[in-house]
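>>> Generate coordinates for the sequence data below:
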Amino acid sequence: MTGVTTPGTYRLELGKEDFKFSCAHFTLFPDGGAEPLHGHNYRVRVTVEGDRLDALGMLVDFAAVKRAVRRLCARLDERVLLPQEAPDLVWERRGEEVEARYAGRRYLWPAAEVLLLPLANTSVELLAAWLWRELAPELAGFPVRSLGVSVEETLGQGCRYSAPLPG
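Predicted structure coming up:
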């Protein structure tokens with residue numbers, strides 16, 4: 001199968017209405033403080049770029065990418081997000097509950113409602129990078145050279161993480 005090559009770059013953007021998740025979190029600060037526990041209705045947008053198309057003139061299978069983004073949003077939706085690698089956050093699973101302690105605060109949630117993420121913080125920057133890492137393997141086999149993931153936590157406030165894909 002020979003790909004279609006033309007000078008320039010193809011950039012596809014996907015920002016569907018259902019690329020969203022609602023969750024609770026608190027951002028940790030360098031001075032040892034933290035935001036109060038609160039929630040956001042996050043929106044996700046994905047950008048893929050490449051300089052060649054497949055034999056049918058496509059950069060990527062939209063349906064496969066949309067399924068992957070929806071699956072990731074569903075993992076995060078209606079959860080309390082905890083940064084598993086935060087140096088001063090202490091968390092413990094006790095049967096059907098998760099307890100977290102940080103800066104004199106103590107939280108207790110049903111374990112089924114908590115998602116521990118391999119992050120140092122639940123900042124919008126690290127959430128965008130985490131979604132990128134989770135989505136990147138889904139693009140193997142497509143002539144895509146870079147991926148960008150934007151996460152907006154409120155209207156006009158968000159982060160875009162982009163990087164070349166391996167290979």
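>>> and Tyr107, which of the three is it?
What DSSP: H, G, I helix; E, B strand; the rest coil gives for Tyr107 is strand.
>>> Setting aside sequence neighbours, what's the nearest residue to it?
Ala100 (4.6 Å; C-beta to C-beta, 6 or more residues apart in numbering). Yep, even glycine has a C-beta here, placed from its N, CA and C like the rest.
>>> Now do the buried residues in stretch 49-60.
Glu49, Gly50, Leu53, Asp54, Leu59, Val60 (16 or more other C-beta atoms under 10 Å).
>>> Kindly indicate which of those residues lies nearest Arg145.
Gly50 (5.0 Å; C-beta to C-beta).
>>> hang on, that closest one in a strand?
Yes: counting by three-state DSSP, Gly50 is part of a strand.
>>> which helix of this protein spans the most residues?
The longest helix of the chain (DSSP state H) is helix 62-76.
>>> Sheet partners, orientation included, of whichever strand or helix holds Thr9?
Secondary structure from DSSP states H and E places Thr9 in strand 4-14. Here strand 4-14 is paired, per DSSP bridges, with strand 38-53 (antiparallel).
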